[in-house]
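Undergrad: Provided below are the primary sequence and the corresponding predicted coordinates.
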Amino acid sequence: MKFLLKYILILAGFILSFYLYQKLLGAIPLLVLASYFFYEAFSEIYQNAMKQRHADLEKGELP
């Protein structure tokens with residue numbers, strides 16, 4: 001469900017971007033999409049780092 005919602009939001013962003021480009025306001029949705037992609041990348045990196053830290057702690061290694 002969350003996966004589908006992400007793609008729907010991205011598709012809506014592209015449609016909105018196309019419409020706003022016609023009105024010469026295309027930078028607005030691109031800025032919003034860039035911030036969304038930054039958030040997704042940051043959360044993915046943070047999630048992987050936490051998994052690695054948890055695995056190290058289970059092995060008994062100290063950070």
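TA: That came through, no problem.

Undergrad: Centroid-nearest residue for the protein?
TA: Closest residue to the average C-alpha location of the chain: residue 40 at 2.0 Å, with Cα atoms, centre = their mean.

Undergrad: element containing that residue, please.
TA: Taking DSSP states H and E as the criterion, residue 40 maps to helix 27-59.

Undergrad: which parts of that helix are buried?
TA: Counting neighbours by 16 or more other Cβ atoms under 10 Å, one finds that the buried residues in helix 27-59 are 29, 33. Glycine gets a C-beta too; all of them are placed from N, C-alpha and C.

Undergrad: give me the low-pLDDT residue ranges for this protein?
TA: Applying pLDDT under 70 to the predicted model, the residue ranges of the chain that meet it are 61-63.

Undergrad: swap the cut-off to 80 and go again
TA: Segments of the chain classed as low confidence (criterion: pLDDT under 80) are 1, 29-30, 33, 53-63.

Undergrad: send the alpha carbons of stretch 35-44 over as PDB?
TA: Output of stretch 35-44 as PDB, limited to C-alpha atoms (Å, rounded to 0.1, in the frame of the first residue of the first chain):
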ATOM      1  CA  SER A  35      12.800  17.600  -1.300                       C
ATOM      2  CA  TYR A  36      10.600  14.400  -1.400                       C
ATOM      3  CA  PHE A  37      13.400  12.400  -3.000                       C
ATOM      4  CA  PHE A  38      15.900  13.800  -0.500                       C
ATOM      5  CA  TYR A  39      13.600  12.700   2.300                       C
ATOM      6  CA  GLU A  40      13.300   9.200   0.800                       C
ATOM      7  CA  ALA A  41      17.000   8.800   0.300                       C
ATOM      8  CA  PHE A  42      17.800  10.100   3.800                       C
ATOM      9  CA  SER A  43      15.300   7.700   5.400                       C
ATOM     10  CA  GLU A  44      16.700   4.800   3.400                       C
END
